[in-house]
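Novice: Pasting the sequence and the predicted coordinates here, then a few questions.
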Amino acid sequence: MKTFEINDPDKPIEEYPGILGCFCDGYLSVIHEALQPLEACNFREYIKLLEEISEVDNHRLIANLSSGAKEIIIEYGSCEIDLLSQIPSISVCQDPEPENSSPGYSPWYPIFMSDDFSIKQISSDILVISEAIKADYNRLLT
């Protein structure tokens, strides 16, 4: 995963080119509407369910993304960041941990547009992934 380099500490994250949103402490902050379908996904409950039924070691989702069929692999101990970082049309980064961070420090993960993808492709991919997660979650409950 790429590290997000802050080149201007006074510049709000919303002003960085290609920013779509940000994850921190398991919560999504949507900056661009393309990520809004993810707000309906309960990643924690989904991953918890996978761990409970012991499917997480080998669990896979197949999603027909704008770049073609993509196998999303969810391993034990995964989180939403691991899942989202497998979507080619977005780029999930990690902020560099400050040198003097406190024990309660939580990293944040800005989500950017990947090069060579349009916002229309990203919106489509996010919708497809969101629907696949919700459908898989409901299937696992039965």
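Specialist: Perfect, thanks for sending it.

Novice: Quick check: which helices or strands does the least confident helix or strand in the chain by mean pLDDT pack against?
Specialist: Least confident helix or strand of the chain, by mean pLDDT, DSSP states H and E, is strand 2-3 with a mean of 84. If you count contacts as 3 or more Cβ pairs under 8 Å, 6 or more residues apart in numbering; DSSP states H and E, strand 2-3 packs onto strand 90-94. Quick note: C-beta positions are derived from backbone N, CA and C, even for glycine.

Novice: what distance separates the longest helix along the chain from the centre of its chain?
Specialist: If you go by DSSP state H, the chain has its longest helix at helix 119-141. Between the centre of helix 119-141 and the centre of its chain there are 12 Å (Cα atoms, centre = their mean, to the nearest Å).

Novice: Just the mean pLDDT for it, thanks.
Specialist: What helix 119-141 shows for mean pLDDT is 95.

Novice: In terms of secondary structure, what does it contact?
Specialist: Partner elements for helix 119-141 (3+ Cβ pairs under 8 Å, 6+ apart): helix 43-52, strand 59-65, helix 80-84, strand 90-94.

Novice: try it again with 6 Å
Specialist: In terms of contacts (3 or more Cβ pairs under 6 Å, 6 or more residues apart in numbering; DSSP states H and E), helix 119-141 is packed against helix 43-52, strand 59-65.

Novice: quick one: buried residues of the helix or strand following the least confident helix or strand of the chain?
Specialist: Counting by DSSP states H and E, the next helix or strand C-terminal to strand 2-3 is strand 19-24. Going by neighbour count (16 or more other Cβ atoms under 10 Å), the buried part of strand 19-24 is 19-23.

Novice: For the very next helix or strand once past strand 19-24, buried residues please.
Specialist: Sequence-wise, the next helix or strand downstream of strand 19-24 (DSSP H and E) is strand 27-30. Using 16+ other Cβ under 10 Å as the burial criterion, the residues of strand 27-30 that qualify are residue 28.
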